[in-house]
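J.: I need the structure of the sequence given here:
(one chain, ligands or ions: 1)
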Amino acid sequence: MGRLIVVEGIDGAGKRTLTDRLTAELTARGRSVARFGFPRYGVDEHADLVRAGLYGRLPAVARSVEAMALLYALDRRAAAPELEKALAEHDVVLVDRFTASNAAYGAARLHEAADGRFVAWVAELETELGVPVPDHQLLLSVPGDVAGARAQARESAEPDRARDTYEADRGLQERAATVYRALADTGWRSAWTILDGAAELDVAALASRVGEP
Ligand SMILES: Cc1cn([C@H]2C[C@H](O)[C@@H](COP(=O)(O)O)O2)c(=O)[nH]c1=O
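T.: The predicted structure follows:
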């Protein structure tokens, strides 16, 4: 049975780069790795509704924090059989964003803290829907201005990567970062490792920590 490892952090924290480097390191060590990323735009209809909400096309849905959280959670529920299969067939299943994203961004939208009502509700909701619980979560922690600059640079470099309403809201990103930090500090739903996303990452050490049974 493989290990479910989740990479979390605000937009522009460097999740994709970390996931790429960790995959390369684990593969070089002979470990088999499967990758997922959420939301699964273009794959799952709930994820496509999320995208429409994030780009202003479904204002009534997007206004409701719970409605958005349910759509994100339903995308994961639909992926659960594939995740279970990947866990049965691979040593490591690496996931870019998972349930903690729902907790951090929803609480941030509501100006709640990690020990508030919303985070507890997300845990209950995703458990109820049969979303698997990670074995380990990695938090890429970066100063808000560094993440913001990266997200902006990506928008300029990739024309189809225009920032969505969450990405464009710096206050929301800062509050999400604070909630993430508290989730990691309190070991929300699994053990966490906090990584300095602005410093050089020791990918070899990280691979040893998360990739071994
Ligand atoms: C996966 C996920 C993402 N999000 C947010 C974080 C991002 O700002 C936004 C889109 O994700 P993305 O930029 O990684 O595609 O959705 C949630 O609020 N809940 C979730 O469950």
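J.: show me where the protein has helices.
T.: Along the chain, the stretches classed as helices by DSSP state H are 15-28, 45-54, 59-63, 65-89, 99-109, 117-128, 144-157, 170-185, 203-211.
J.: If you count neighbours, what's buried in the lowest-mean-pLDDT helix or strand in the chain?
T.: The element with the least model confidence among the helices and strands of the chain, by mean pLDDT, DSSP states H and E, is helix 144-157, at a mean of 84. Along helix 144-157, the positions that meet the burial threshold by neighbour count (16 or more other CB atoms under 10 Å) are 144, 147, 148, 150, 151, 154, 155. Quick note: C-beta positions are derived from backbone N, CA and C, even for glycine.
J.: how about TSV for those residues, with distance to residue 70 added?
T.: As requested, the buried residues of helix 144-157 are arranged in TSV below (distance: CB to CB, whole Å):
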residue	distance to residue 70
144	28
147	26
148	28
150	29
151	25
154	28
155	28
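J.: Name the member of those with the shortest distance to the ligand.
T.: Distances from the buried residues of helix 144-157 to the ligand were compared by CB to the nearest ligand atom; the smallest belongs to residue 151, at 8.7 Å.
J.: which ones are touching the closest one?
T.: When the contact criterion is CB atoms under 8 Å, 6 or more residues apart in numbering, the partners of residue 151 are 11, 12, 163, 167.
J.: out of these, who has the most neighbours?
T.: Neighbour counts for these, by other CB atoms under 10 Å, peak at residue 12, which reaches 24 neighbours.
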